[in-house]
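**Q** here's my sequence, what's the structure:
(one chain, ligands or ions: 1)
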Amino acid sequence: MRTAVFPGSFDPLTLGHFDIVERAAPLFDRIIIAIGQNSKKNYMFSLEQRMEFIKKTFADFPNVTVDHFEGLTIDYCRSKNVNFILRGLRNPADFEFEKAIAQTNRTLTHENKIETIFLLTSAGKSFISSSIVREIISFGGEYEILVPEAVRVKI
Ligand code: ADP
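**A** Take a look at the predicted model:
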């Protein structure tokens, strides 16, 4: 069984995340969207809300599930017996950051190497990020066009 963990904050889920999962779904038997919860971080949406957005959005994707974890992504992957991490790349800054993390994760996993699989952002989606969506929400702008239907809630 080829399973990938797609880790992130998803605060909130955007059409950029959706694009990556939709394109990766046929490539893996199973995708676990895993919300990494850091108790020191302040989120705009609660863990429950973020889980709900993802659950509703991917309700019609039989091989996509949602979960959450604290701690290192590789420890979570090990606990689920998963050897692939899925990440999206938007720009050179993502590349530099992700390269260091992926190489670290490979080094830290001695046996059963965990490989990170990258999908390039689709044309027209590369500018979308959760932080921009949060900024638009906090100033009352039209964030709805950047997020899936389930996230277009009254805020
Ligand atoms: P993190 O805090 O781990 O970066 P995010 O929720 O911001 O969590 O992102 C999770 C993953 O989704 C990352 O791999 C990120 O590169 C990817 N991603 C976010 N927005 C886009 C987008 N517009 N196109 C492609 N990938 C994206």
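
**Q** which residue is the nearest non-sequential neighbour of Ile137?
**A** Leaving aside its chain neighbours, Ile137 sits nearest to Tyr143 (5.0 Å; criterion: CB to CB, 6 or more residues apart in numbering). From N, CA and C alone the C-beta is placed, and that goes for glycine too.

**Q** which residues touch the residue nearest the centre of the chain?
**A** For the chain, the residue sitting closest to the mean C-alpha position, by CA atoms, centre = their mean, is Gly8 at 4.0 Å. Counting by CB atoms under 8 Å, 6 or more residues apart in numbering, Gly8 touches His17, Ile33, Ala34, Ile35, Gly36.

**Q** one more time with 10 Å
**A** Going by CB atoms under 10 Å, 6 or more residues apart in numbering, Gly8 touches His17, Ile20, Ile33, Ala34, Ile35, Gly36, Arg50, Thr73, Leu86, Arg87, Gly88, Ser130.

**Q** looking at these, state which has the most neighbours.
**A** When neighbours are counted by other CB atoms under 10 Å, Ile33 leads those with 27 neighbours.

**Q** that one against Thr3, yeah?
**A** No - using CB atoms under 10 Å, Ile33 is not in contact with Thr3, being 11.8 Å away.

**Q** roughly how far is stretch 100-111 from the heart of the chain?
**A** Stretch 100-111 sits 19 Å away from the centroid of its parent chain (CA atoms, centre = their mean, to the nearest Å).

**Q** are it and the ligand in contact anywhere?
**A** No - figure legend: stretch 100-111 not in contact with the ligand (CB under 6 Å from any ligand atom); closest approach 9.1 Å.

**Q** now what about that stretch, what contacts it?
**A** Contacts of stretch 100-111 (CB under 10 Å, 6+ apart): 72-75, 77-78, 83, 85, 87, 113-118.

**Q** of the residues you listed, grab the buried ones for ChimeraX.
**A** A single ChimeraX command selects the buried members of these (16 or more other CB atoms under 10 Å):
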select :73,74,77,83,85,87,114,116,118
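
**Q** which one of the contacts of stretch 100-111 sits closest to Ala25?
**A** Distance to Ala25, by CB to CB, is smallest for Ile117 among the contacts of stretch 100-111, at 12.9 Å.

**Q** all good on my end, thank you.
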